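Participant: Dropping a prediction and its sequence here:
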Amino acid sequence: MTNSKMTEREIYTAIVNGEDLDRDVLVEFAEKKLAQLDKRNASAAKRAAAKRAEGDTLTEAVYALLDEEPKTRDEVAEMYNEANESDLSVAKIGARLNSLFAAERIQKTNVKVGNSTKVGYFIAE
């Protein structure tokens with residue numbers, strides 16, 4: 001099976017069965033597969049960068065809603081959705097608040113809401 005027009009299946013089968021393959025066939029096959037991997041990785045990197053930029057924009061928009069008075073995730077989500085006429089979940093807003101807290105750009109404290117205690121986020125001046 002040293003035909004240079006082998007299918008991928010034939011090449012893989014020959015490798016599994018321990019058959020001798022022409023070096024040129026293997027090199028051509030490997031170069032083709034590496035090019036495909038490079039193309040796929042470049043596309044994935046581009047998609048990831050776009051998603052990261054979108055997340056950064058949302059994080060900055062959430063940060064702009066905060067001030068010195070503690071606000072719960074629910075309050076921030078409601079403010080964001082009203083200001084942007086959107087319907088983002090409290091979980092997405094909470095994730096941005098947590099990333100801002102981890103970056104030490106905001107602080108959090110416990111806030112009494114009705115009979116329960118929730119976490120309030122605020123900018124420490």
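Facilitator: Here it is on my side, so go on.
Participant: Output the below-cut-off pLDDT ranges for the protein.
Facilitator: By pLDDT under 70, the weakly predicted segments of the chain are 1-4.
Participant: how about the strands of it, start to end?
Facilitator: Using DSSP state E, the strands of the chain run over residues 71-72, 107-113, 116-122.
Participant: Spell out which residues make up each domain of the protein.
Facilitator: Using automatic domain parsing, the domain parsing of the chain gives 1-54, 66-122.
Participant: coming back round to it: just say which of the strands of the chain is most tucked in.
Facilitator: strand 71-72 (a mean of 19; mean count of other CB atoms under 10 Å). In this view, the C-beta of every residue, glycine as well, is placed from N, C-alpha and C.
Participant: and that one, what does it pack onto?
Facilitator: Counting contacts by 3 or more CB pairs under 8 Å, 6 or more residues apart in numbering; DSSP states H and E, strand 71-72 is packed against strand 116-122.
Participant: What strands flank the strand it packs on, and is each parallel or antiparallel?
Facilitator: For strand 116-122, the paired strands and their directions (DSSP bridges) are strand 71-72 (antiparallel), strand 107-113 (antiparallel).
Participant: which stretch among these comes nearest Ala124?
Facilitator: Checking these against Ala124 by CB to CB gives strand 107-113 as the closest, at 4.4 Å.
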